[in-house]
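A.B. asks: Below is the sequence, then the predicted model.
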Amino acid sequence: KNQVEQSPQSLIILEGKNCTLQCNYTVSPFSNLRWYKQDTGRGPVSLTIMTFSENTKSNGRYTATLDADTKQSSLHITASQLSDSASYICVVSAIVANDYKLSFGAGTTVTVRA
Amino acid sequence: ETGVTQSPTHLIKTRGQQVTLRCSSQSGHNTVSWYQQALGQGPQFIFQYYREEENGRGNFPPRFSGLQFPNYSSELNVNALELDDSALYLCASSDRSRGSYEQYFGPGTRLTVT
């Protein structure tokens, strides 16, 4: 079972509308959680990174939240634009025996339509 | 742009052939990780190289091998290609010696095996 589950798998929204993506994880011990944006056929680009003590972080129209108690994170996109069409990947990090492990979600594909 | 480059951008190979993919890490980074990303899935960890030595490996067979050079650039070699090897191959660089595990992804190489 994947240690990072994302929902929904995909969604379609109209330009200008808001949307929220979900990420639930079981990774332990938790180090940090990142949200990446990946355009089709391109490498992922980091949007936000949050550690255990942070519960919200913004990057322009992207706002990520983290509840380390329930092991849930969300990514909120405000006033969506056509360029927001991409896959959004949640990545949870753990440091075990001085080794750094990343666990990737399968991503949520967002399509913004005019 | 992350400063991580990969080559080639795309390539097509025939089942049974061998392929070499290349990655140049961001300046100052000594660690390179390789990932395989099938269509619609999150990246799967193949292996990581730190200071020219393999430093962790995912669940991939021995026909997936790699190298890291003194300038920290890296190669991923895949022998006896199979149809299921068709994927986007991503490399990510980081600087472990500074205690920073932030990974910066390259644009990827799209491999198609026919």
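C.D. replies: That came in fine, so what should we check first?

A.B. asks: drop to CA atoms for contacts and neighbour counts, all remaining ones
C.D. replies: Will do.

A.B. asks: Low-confidence ranges, chain A, go.
C.D. replies: Residue ranges of chain A with pLDDT under 70: A:1-2, A:98-99.

A.B. asks: What residues does it have near chain B?
C.D. replies: By CA under 8 Å from any CA of the partner chain, the residues of chain A that approach chain B are A:41-46, A:89, A:100, A:104-107.

A.B. asks: Determine which two of those residues are furthest apart.
C.D. replies: By the measure CA to CA, A:41 and A:100 form the most distant pair in these, at 26.0 Å.

A.B. asks: Neighbour count for those two, which is higher?
C.D. replies: More neighbours surround residue A:41 than the other of residue A:41 and residue A:100, with 17 against 13 (other CA atoms under 10 Å in any protein chain shown).

A.B. asks: Would you check how far apart that one and residue B:88 are?
C.D. replies: 7 Å (CA to CA, to the nearest Å).

A.B. asks: Common neighbours of these two, please.
C.D. replies: Overlap between the neighbourhoods of residue A:41 and residue B:88 consists of B:108, B:110, taking contacts as CA atoms under 8 Å, 6 or more residues apart in numbering or on different chains.

A.B. asks: Strands of chain B, start to end?
C.D. replies: B:5-7, B:10-13, B:19-24, B:31-37, B:44-50, B:53-57, B:64-68, B:74-78, B:87-95, B:100-105, B:109-113 (DSSP state E).

A.B. asks: now chain A
C.D. replies: Shown for chain A, the strands assigned by DSSP E span residues A:4-7, A:10-14, A:19-25, A:32-38, A:45-51, A:56-59, A:62-67, A:72-77, A:86-96, A:99-104, A:108-113.

A.B. asks: Which strand residues bridge the nearest residue to residue B:65 once chain neighbours are set aside?
C.D. replies: Closest residue to residue B:65 in three dimensions, ignoring its sequence neighbours and counting by CA to CA, 6 or more residues apart in numbering or on different chains: residue B:77, at 5.2 Å. With DSSP bridges as the criterion, the beta-bridge partners of residue B:77 are residue B:20, residue B:65.

A.B. asks: Could you double-check that residue B:77 lies in contact with residue B:23?
C.D. replies: No: between residue B:77 and residue B:23 there is no contact, the gap being 11.6 Å when judged by CA atoms under 8 Å.

A.B. asks: Between those two, which is the more surrounded one?
C.D. replies: Neighbours of residue B:77 and residue B:23, each counted by other CA under 10 Å, are more numerous for residue B:23; the result is 27 against 15.

A.B. asks: What about the closest residue to the more buried one other than its chain neighbours, how many residues nearby?
C.D. replies: What sits nearest to residue B:23 in space, not counting adjacent residues and going by CA to CA, 6+ apart, is residue B:6, at 4.5 Å. By other CA under 10 Å, the residues close to residue B:6 number 22.
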